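Participant: fold the following.
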Amino acid sequence: VDFVVVLCLFVVCGVCVVEALDYFVDPINGSDSNSGTSASAAFKTIYKAANVVGQAPSPRTDRITVHLLDGEHDVSSEPLQLNSSHSGSSLFPTTFRSTSKARINAGKVIPLSSVEKVVLPQANVYKVDLKALGITECGAIKCNTGLGSCPSSNSGGRMELFVNGEALVLSRYPNINLTTGYWQWNNIASVKNPQTEFSFHDSTHPKTWVNETDVWLWGYWQYGWADSVVKIQSIDLSSKSFLIDPSTPPTYGFKPKARWLAFNVLSELDIPGEYYIDRSEGLLYFIPPLPMAEVTELAVSVGKGAVSISGAQHISFQNAVIMYSQQNGFEAKQSSNITFADGSISCVGGHGAGIDGYNNTIINTNVHYTGCKGAIISGGDKVSITSSGSSLVGNSIFGFSRHTRTYNPGVSWSGVGHTVSRNTVFSAPHSAILGGGNNCLFEHNNISHVGFEVDDSGAFYTGRSWVELGNVIRYNSFSSIRTRVPVFLGSPSVQAIYLDDEMSGYEIYNNTFFDCQVGMFIGGGRWNKVKFNTFEKCDTAVHVDDRGLGWQHAFCLDPANYISQMNSVNYKEPPYAIRYPFLPNTLEEMPCYPVYNQIVSNTACGCNAFIDFNTTQLLEWRNVVDGNNPNAPSGCVSLQQERLQYVSSSTKEVREDIFETGYEEEYNPWKYKAGKWDRYREL
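Facilitator: Predicted coordinates:
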């Protein structure tokens, strides 16, 4: 909270009037030599407006609003960068407000008149001479070795093509299945060197790749939950093998039967929605996803980022549309009270939006077609368990994980005390929500159709901690959480909520699970409470295992793992010993056992199994399994969702159970108003 002493410049009827400064940016008719203080005397560039705001006297005595008028606000040369000099305060904030036809554009829109049809063996191929348009920086494909790494987020990106605001894919073999939209794959025949060489089955297509110089392979090389890309150094047709560039090794190494596909191959440009860029010649080839006569916008990503905020406070973006960045869309690092509201971030090569610090918010925003993560939320202090107060609310997030398929979720979270609420997250090959931290709230989110390309993964995934406690997952819906694509390695199963490798201390209640392979997965953890949830048409409603006594026993007892985490926060001392009073006795109370879990008052209908572990054994290990109804009538999820919709409409959330650790239910800080979620405080 800011405590501000304000000298009123004007008093009207006894009321202090806060001064306001307005600047205008008109990318069509403006000039940076103008005053910028009216629409008729607007600046031309957003950079000029930011420079003027940065020179405002400190401390602030005016609210400053930058009005972005209709047109393309070009940030292709460099991101709009804001820092502490652009900061406002709670009384005198800085606001960037866009009109309905304004766009912060890090790319270049290609004139349709520059598109020409070309004669190639493939049909309906079009070409654009990028160099003739002055577009020379095409970027490069980079190796993403390392689990979940995203080179395009911070170390350079690559140019992409977008048609009518949708992302196309680099030409490839095998093609995407145009009926289902799923990627299709080849398989490794045999491995000659786990880092540099493997053989293939196909005797036809690789023949056409021999003379191409920038062919890459995408694969799940060792596990069905870890992908990476490698570059072909040479192809030996006689032995039907690929030799891989040693500077682009595969994550975890090659394994027989592993999935792979080839991409960035001009000779494989053959179906609608594919493109290829000859980066040396500056030539773009593509087959539009719809008839060329129906193409209204053709754009390529050029700029390395769009909006970057660092070390600032009290800055908001209202109604902003951000597009066509090779790297990230919107990011705020080590900042506070940053808001991105009622906007859109799409068609970027890195992450969509990121907020780090305290009291930051992304609200009512569409985030889609991102190369890596959709939205990132971090902040708070783990040692002192200080909450960030930050939130992601009412956003629609889909079409992420385009450049790195795994460990790039729709919502990536770390830190303490976030709220992730009322978001819709869907259509992704791996996880929707993934991360770890303390005292975070995940509620009223709708998660569907994720995890379809992987195994051993979760729509909501977290794992490996005995100290990341106090997190609540409630009133969410999970649907269509299944492996849909053959994985060949491992077991084809994904879970809706996956508490992996002894993850502990979650409270999970009043969620619904429909058409999931596994609804709730407790992977050997403790102190988890699973209550009042409803499962329908799930293979298994609740999974529990005792991995800490078996294959993970050595890991569990290794001082470098869970014990090290506990020591790092002085778990026997305040604040952890007070906030989580059950924690100090962990090593004295059956460590590595799945103990003190509660699976109570859940309902299931149409599931193959309710729980897949010996209930008697769970009871002996101090768990509670009671009051569950595994054979409810069909339609139990719809019935529960109707009930929860009624419950959530009240001002105060109804909480049917709380941890016995002293937490108290707080008023939900979000209220539905006029079709949007707005923050409010009860007086």
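Participant: show me what contacts the residue nearest to S239 when sequence neighbours are not counted?
Facilitator: Leaving aside its sequence neighbours, S239 sits nearest to S199 (C-beta to C-beta, 6 or more residues apart in numbering; 6.5 Å). Backbone N, C-alpha and C define where each C-beta goes, glycine included. By C-beta atoms under 8 Å, 6 or more residues apart in numbering, the residues touching S199 are 188-192, 239-242.
Participant: the residues you listed in strands, which ones?
Facilitator: 188-192, 241-242 (DSSP state E).
Participant: report how many residues lie close to T180.
Facilitator: Applying other C-beta atoms under 10 Å, we find 11 residues neighbouring T180.
Participant: I should have written T616 there, sorry.
Facilitator: Here the number of neighbours of T616 (other C-beta under 10 Å) works out to 9.
Participant: kindly report the same for N319.
Facilitator: N319, neighbours per other C-beta under 10 Å, totals 17.
Participant: in terms of pLDDT, where does it sit?
Facilitator: You'll see N319 listed with a pLDDT of 98.
Participant: who's in contact with it?
Facilitator: By C-beta under 8 Å, 6+ apart, the residues touching N319 are 97-100, 102, 341-343.
Participant: now neighbour count too, for those, in JSON lines please.
Facilitator: Output for those, formatted as JSON lines (neighbours: other C-beta atoms under 10 Å):
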{"residue": "R97", "neighbour count": "17"}
{"residue": "S98", "neighbour count": "24"}
{"residue": "T99", "neighbour count": "12"}
{"residue": "S100", "neighbour count": "7"}
{"residue": "A102", "neighbour count": "23"}
{"residue": "A341", "neighbour count": "21"}
{"residue": "D342", "neighbour count": "17"}
{"residue": "G343", "neighbour count": "23"}
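Participant: now, those residues that are in strands?
Facilitator: The strands, defined by DSSP E, take in 97-98, 102, 341 from the contacts of N319.
Participant: taking those, tell me the two that lie furthest apart.
Facilitator: Pairwise distances across the ones in strands among the contacts of N319 (C-beta to C-beta) peak at 14.8 Å, for the pair A102 and A341.
Participant: where exactly do the helices run in the protein?
Facilitator: Using DSSP state H, the helices of the chain run over residues 46-54, 553-557, 562-568, 576-579, 615-620, 636-648.
Participant: figure out which of the ones you listed is closest to G451.
Facilitator: Across those, G451 has its closest neighbour in helix 636-648 (18.5 Å, C-beta to C-beta).
Participant: neighbours of E620, how many?
Facilitator: Close neighbours of E620, defined as other C-beta under 10 Å, add up to 11.
Participant: and it, how close does it get to W218?
Facilitator: E620 is 47 Å from W218, where distance means C-beta to C-beta, to the nearest Å.
Participant: quick check: R622 touching Q598?
Facilitator: No. The criterion here is C-beta atoms under 8 Å, and R622 misses it with Q598 at 10.3 Å.
Participant: which one of the two is surrounded by more residues?
Facilitator: Using other C-beta under 10 Å as the criterion, R622 and Q598 rank with Q598 on top: 17 against 14.
Participant: who's that one bridged to?
Facilitator: According to DSSP bridges, the partner residues bridging Q598 are K529, V624.
Participant: ok, for T339, nearest residue in space, not its chain neighbours?
Facilitator: Spatially, and ignoring its direct neighbours in sequence, T339 is nearest to S316 (3.9 Å; C-beta to C-beta, 6+ apart).
Participant: and the one you found, what pLDDT?
Facilitator: We have a pLDDT of 98 for S316.
Participant: next: I385.
Facilitator: I385 carries a pLDDT score of 97 in this model.
Participant: now Q641
Facilitator: Looking at Q641, its pLDDT stands at 89.
Participant: can I assume it is in contact with S477?
Facilitator: Yes. With contact defined as C-beta under 8 Å, Q641 and S477 form a contacting pair (6.6 Å).
Participant: looking at the two, which is more packed in?
Facilitator: Higher neighbour count among Q641 and S477: S477, with 20 against 15, using other C-beta under 10 Å.
Participant: how near is the more buried one to S38?
Facilitator: In terms of C-beta to C-beta, S477 sits 48 Å off from S38.
Participant: same question, N608
Facilitator: 68 Å.
Participant: considering the contacts of S199, which possesses the most neighbours?
Facilitator: Within the contacts of S199, neighbour counts (other C-beta under 10 Å) peak at F242, which reaches 26 neighbours.
Participant: and that residue, how far from S35?
Facilitator: From F242 across to S35, the span is 62 Å (C-beta to C-beta).
Participant: got it, and E78?
Facilitator: E78 is 24 Å from S35, where distance means C-beta to C-beta.
Participant: what does A312 give?
Facilitator: Taking C-beta to C-beta, one finds A312 at 25 Å from S35.
Participant: mind checking which of those two has more residues around it?
Facilitator: Set A312 next to S35 and count neighbours by other C-beta under 10 Å: A312 wins out with 22 against 13.
Participant: re earlier: now, which of the ones in strands among the contacts of S199 sits nearest R60?
Facilitator: Nearest to R60 out of the ones in strands among the contacts of S199 is F242 (C-beta to C-beta; 59.9 Å).
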